[in-house]
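Participant: using only what follows, build the 3D model:
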Amino acid sequence: MRSNVMSAPLVNVPAVAPARTKSNPRGLGRPPSTGETASKNLTIRLTPTQHAAYEAASQAESVSLGDWIRAACEARLPKPKRGKARS
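Facilitator: The predicted structure is shown next:
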């Protein structure tokens, strides 16, 4: 008799230890995020030419379009002033 079960090739998968926390002692699930969680959306309208240019630029840097646009916006923000505040 032949078995209808197909055997999958073995894949060498590195073991990653899940994060263990006080509320999750077994360490299962997504690790806790650090910093501020992105929760706001921004909708913009682009021409097809603009979209193609932004998409090409993001692909040239091997990042997603959203990450590329986010980085471009961050680069235009004013830099925070450094130094001691005078009183």
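Participant: low-confidence ranges, this protein, go.
Facilitator: Across the chain, the ranges flagged by pLDDT under 70 are 1-33, 84-87.
Participant: one more time with 50
Facilitator: For the chain, no stretch is flagged by pLDDT under 50.
Participant: which residues of the chain fall in helices?
Facilitator: 48-60, 65-76 (DSSP state H).
Participant: other SSEs contacting the first one?
Facilitator: Helix 48-60 sits against helix 65-76, with contacts defined as 3 or more CB pairs under 8 Å, 6 or more residues apart in numbering; DSSP states H and E. Where C-beta positions appear, they are placed from N, C-alpha and C, glycine not excepted.
Participant: does anything pack onto the helix it packs on? Which helices or strands?
Facilitator: Looks like helix 65-76 contacts helix 48-60 (3+ CB pairs under 8 Å, 6+ apart).
Participant: now the helix it packs on: buried residues?
Facilitator: Ser58 (16 or more other CB atoms under 10 Å).
Participant: then it to CSV, C-alphas only?
Facilitator: These are the backbone C-alpha positions of helix 48-60, laid out as CSV (Å, rounded to 0.1, in the frame of the first residue of the first chain):
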residue,chain,number,x,y,z
PRO,A,48,0.3,58.3,-11.0
THR,A,49,3.7,59.9,-11.9
GLN,A,50,4.3,60.8,-8.3
HIS,A,51,3.3,57.4,-7.0
ALA,A,52,5.6,55.7,-9.6
ALA,A,53,8.5,57.9,-8.6
TYR,A,54,8.1,57.3,-4.9
GLU,A,55,7.6,53.6,-5.4
ALA,A,56,10.8,53.5,-7.5
ALA,A,57,12.8,55.4,-4.9
SER,A,58,11.6,53.1,-2.1
GLN,A,59,12.5,50.0,-4.1
ALA,A,60,15.9,51.5,-4.8
